[in-house]
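# Need coordinates for the below:
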Amino acid sequence: MEQLTFGTCVRNSWISTWQAIVQMPGWFLGVFAVIACLTLLSGSFQYVPSGGAELDAAARASHALGSMVFSILQLVIYCCLTIKVHRFVLLGEGTQPLLPLGGKPLGRFALISVGLTLGIVVLSIALVLLVREIRSGGIVLVGAVVMLAYMFAMVRLSLLYPAVSLGGALTLRAAWKDSRGHFWSIFGVVFVSYLPLLIVWIILLEVLGPRMLLTSLQGASTVFAIGLAFVNTGFIVLAASALSWLYRRYANELLEHAAY
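The predicted model follows:
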């Protein structure tokens with residue numbers, strides 16, 4: 001644990017984000033280009049051509065499979081970039097090696113992502129079962145409670161990401177203990193760090209959105225996909241930087257499991 005203030009974590013998150021982009025431009029631009037291409041390609045799978053019942057079913061199946069493949073590829077790219085940023089901020093590691101520690105952090109990142117996905121599925125199923133027994137007036141309340149509980153768990157376990165990037169095991173208990181009493185601080189640092197970039201994105205949508213509607217649909221969707229990919233890449237780097245500084249601030253038991 002390091003003695004860091006809330007403001008120091010936010011400020012250092014932005015400094016580290018800029019340093020990571022400047023010192024690893026190939027990673028940032030490469031991930032941005034891949035995500036932009038995947039976003040554009042995945043968009044083509046959202047339209048299912050009309051036809052007979054058999055053709056429609058086959059087209060829907062192929063489109064669903066294509067969308068799933070693109071989603072998995074995006075997840076892998078996001079994980080790779082996040083790991084590199086965590087290791088850059090915490091260890092000063094550069095672009096090499098491409099897969100630190102023989103790819104073990106990437107595999108553990110995948111396990112975390114699968115676990116979160118399964119959590120969403122389980123919560124959704126539970127919500128559906130509850131809704132059957134509750135009248136429409138309580139649906140929103142139940143949904144809000146479930147989502148807040150899920151967000152609370154995600155924030156409390158968020159220190160796992162930098163820990164896993166350093167080669168640590170999936171020690172849920174250590175992450176939960178290190179984040180005890182720090183929920184609002186962790187949430188606040190990430191939110192305040194995100195806020196300037198989020199405001200810029202909203203302003204760009206407000207300014208450029210009407211103009212995009214006046215252009216062709218294909219051209220507008222292409223510009224939006226490229227812009228979205230760029231912003232998403234920036235958000236990933238910023239989130240990884242913020243969590244890295246929070247790891248420095250709060251990690252205690254997690255430090256015992258780091259392999260570097």
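# going forward, measure contacts and count neighbours with C-alpha atoms only.
Will do.
# any idea how far residue 14 is from the closest residue to residue 230 other than its chain neighbours?
Computed as C-alpha to C-alpha, 6 or more residues apart in numbering, the closest residue to residue 230 that is not its neighbour in sequence is residue 32, at 5.7 Å. Distance, residue 32 to residue 14, using C-alpha to C-alpha, to the nearest Å: 19 Å.
# Look at the two and report which has more neighbours.
residue 32 (23 against 18; other C-alpha atoms under 10 Å).
# how deep is residue 9 tucked in, by neighbour count?
23.
# Okay, and it sits in which element?
Using DSSP states H and E, residue 9 maps to helix 6-23.
# And that helix, what's buried?
Using 16 or more other C-alpha atoms under 10 Å as the burial criterion, the residues of helix 6-23 that qualify are 9, 10, 11, 12, 13, 14, 16, 17, 18, 20, 21.
# isn't the second one right up against residue 191?
By that I understand residue 10. No. In this structure residue 10 lies outside contact range of residue 191 using C-alpha atoms under 8 Å: 9.4 Å.
# just to revisit the earlier point, buried sites along the next helix or strand along the chain from the helix holding residue 9?
Counting by DSSP H and E, the element after helix 6-23 in chain order, helix or strand, is helix 25-43. By 16+ other C-alpha under 10 Å, the buried positions in helix 25-43 come out as 27, 28, 31, 32, 33, 35, 36, 37, 38, 39, 40, 42.
# Tell me which residues touch the first one, please.
It stands for residue 27. For residue 27, the contacting residues are 21, 81, 95, by C-alpha atoms under 8 Å, 6 or more residues apart in numbering.
# Format those as a markdown table; extra columns: pLDDT and distance to residue 67.
Converted to a markdown table, those look like this (pLDDT from 0 to 100; distance: C-alpha to C-alpha, whole Å):
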| residue | pLDDT | distance to residue 67 |
| --- | --- | --- |
| 21 | 92 | 29 |
| 81 | 89 | 21 |
| 95 | 78 | 30 |
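# Which one of these is nearest to residue 154?
Nearest to residue 154 out of those is residue 81 (C-alpha to C-alpha; 19.7 Å).
# so that closest one is in which element?
Assigned by DSSP H and E, residue 81 falls within helix 53-91.
# what do you get for residue 188?
With DSSP H and E as the test, residue 188 turns up in helix 183-214.
# mean confidence score for that helix?
If you average the pLDDT over helix 183-214, you get 80.
# what angle separates whichever helix or strand comes after it from helix 25-43?
With elements assigned by DSSP H and E, the helix or strand that comes after helix 183-214 is helix 217-250. Relative orientation of helix 217-250 versus helix 25-43 (axes from the mean of the first three to the mean of the last three C-alpha atoms, to 10 degrees): 130 degrees.
# returning to what we had before: name the surrounding residues that touch the helix holding residue 9.
Counting by C-alpha under 8 Å, 6+ apart, 27-28, 85, 88-89, 94, 185, 189-190, 192-193, 237-238, 241-242, 245-246 sit against helix 6-23.
# What distance do you get for residue 29 to residue 197?
In terms of C-alpha to C-alpha, residue 29 sits 18 Å off from residue 197.
# repeat for residue 87
Counting by C-alpha to C-alpha, the gap from residue 87 to residue 197 is 23 Å.
# When the two are compared, which one has more neighbours?
Between residue 87 and residue 197, residue 87 has the larger neighbour count (other C-alpha under 10 Å), namely 23 against 15.
# Looks like that one contacts residue 163 (just checking).
No. Contact criterion C-alpha under 8 Å: residue 87 and residue 163 do not qualify, at 9.7 Å.
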